[in-house]
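Asks: Task: produce atomic coordinates for the following.
(chains A and B)
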Amino acid sequence: GENVEQHPSTLSVQEGDSAVIKCTYSDSASNYFPWYKQELGKRPQLIIDIRSNVGEKKDQRIAVTLNKTAKHFSLHITETQPEDSAVYFCAPPSCSGNTGKLIFGQGTTLQVKP
Amino acid sequence: SAVISQKPSRDICQRGTSLTIQCQVDSQVTMMFWYRQQPGQSLTLIATANQGSEATYESGFVIDKFPISRPNLTFSTLTVSNMSPEDSSIYLCSVDHRGSSGNTIYFGEGSWLTVV
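Replies: Numbers count the residues shown, from 1 in each chain, chains lettered A, B, ... in the order given. Now for the predicted structure:
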């Protein structure tokens, strides 16, 4: 099965700085790599995902990069704002071809200081 | 995207009782899943709810404790049986939704369960 490690566990940045969270996975057959944001008391929300046929995807201030050789993918948030403060989870699927069985990383608590 | 409704959103239950959580999707989906998120922890997959057959449980979860129904392609229930305080968690259903760029997983709002 898939082993997922996420780093760092906590991250504190000043407003306007960039934040990077890294996720390492074990299954070389994985082909779908999502990132979820969970605000306090709310459900996880998909913020960006990438499939194995591309190396980078960007959506405004958020980007995800994928390194299949090294088996890791990273979330990049630029120009951070206080509303970016949340817990972020990477969640690659446990088996390729079955997107739904997600294996969640331990989570990264991001704090953006005004 | 898929719109997912979960009920109840919150409940406080006595130990030894059972609670059934409902998950309704606004479109037919092949795959539905149930996750648990214990306080301050990450999400853990409990089982895959299969339409027309028994659910497939992950290691550490059993049918007697977490019976699941999936009567059709838009609905599923999870029951937490014979509850103890250790079952206090958020329970979330999710669906595998087929979109134009591939499949994406969406979550319901979650059911916050406290066992006293």
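Asks: partner strands of the worst-scoring helix or strand of chain B on mean pLDDT, parallel or antiparallel?
Replies: Least confident element among the helices and strands of chain B, by mean pLDDT, DSSP states H and E: strand B:102-107 (a mean of 85). Sheet pairing of strand B:102-107 (DSSP bridges) gives strand B:89-99 (antiparallel).
Asks: Which positions in chain A make contact with chain B?
Replies: A:32, A:34, A:42-46, A:49, A:51, A:89, A:91, A:94, A:98-107 (C-beta under 8 Å from any C-beta of the partner chain). All C-beta atoms are positioned from the backbone trio N, CA, C, and that covers glycine.
Asks: just to revisit the earlier point, kindly export the least confident helix or strand of chain B (C-alpha atoms) in PDB.
Replies: Extracted in PDB, the C-alpha atoms of strand B:102-107 (Å, rounded to 0.1, in the frame of the first residue of the first chain):
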ATOM      1  CA  GLY B 102     -10.500  13.000 -14.800                       C
ATOM      2  CA  ASN B 103     -11.800  11.800 -11.500                       C
ATOM      3  CA  THR B 104     -11.800  14.100  -8.400                       C
ATOM      4  CA  ILE B 105     -12.700  13.300  -4.800                       C
ATOM      5  CA  TYR B 106     -15.200  15.600  -3.000                       C
ATOM      6  CA  PHE B 107     -16.200  15.400   0.600                       C
END
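Asks: ok so, going back, going through the residues of chain A next to chain B, which ones are buried?
Replies: Using 16 or more other C-beta atoms under 10 Å in any protein chain shown as the burial test, the residues of chain A next to chain B include A:32, A:34, A:43-44, A:49, A:89, A:91, A:94, A:99-105, A:107 as buried.
Asks: picking up where we left off before, the following helix or strand past the least confident helix or strand of chain B to strand B:89-99, inter-axis angle?
Replies: Sequence-wise, the next helix or strand downstream of strand B:102-107 (DSSP states H and E) is strand B:111-115. Between strand B:111-115 and strand B:89-99, the angle comes out at 160 degrees (axes from the mean of the first three to the mean of the last three C-alpha atoms, to 10 degrees).
Asks: Flag every buried residue along strand B:111-115.
Replies: Neighbour-count burial for strand B:111-115, with 16+ other C-beta under 10 Å as criterion, is recorded at B:111-113, B:115.
Asks: I'd like those as CSV, with distance to B:Gln28 and pLDDT appended.
Replies: Output for those, formatted as CSV (distance: C-beta to C-beta, whole Å; pLDDT from 0 to 100):
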residue, distance to B:Gln28, pLDDT
B:Ser111, 22, 97
B:Trp112, 28, 95
B:Leu113, 28, 96
B:Val115, 34, 96
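Asks: what's the closest of those residues to chain A?
Replies: B:Trp112 (8.3 Å; C-beta to the nearest C-beta).
Asks: burial count for the nearest residue to the closest one once chain neighbours are set aside?
Replies: The shortest distance from B:Trp112 to any non-neighbouring residue, by C-beta to C-beta, 6 or more residues apart in numbering or on different chains, is to B:Arg10 (4.4 Å). By other C-beta atoms under 10 Å in any protein chain shown, the residues close to B:Arg10 number 10.
Asks: Right, I'll call it a day here.
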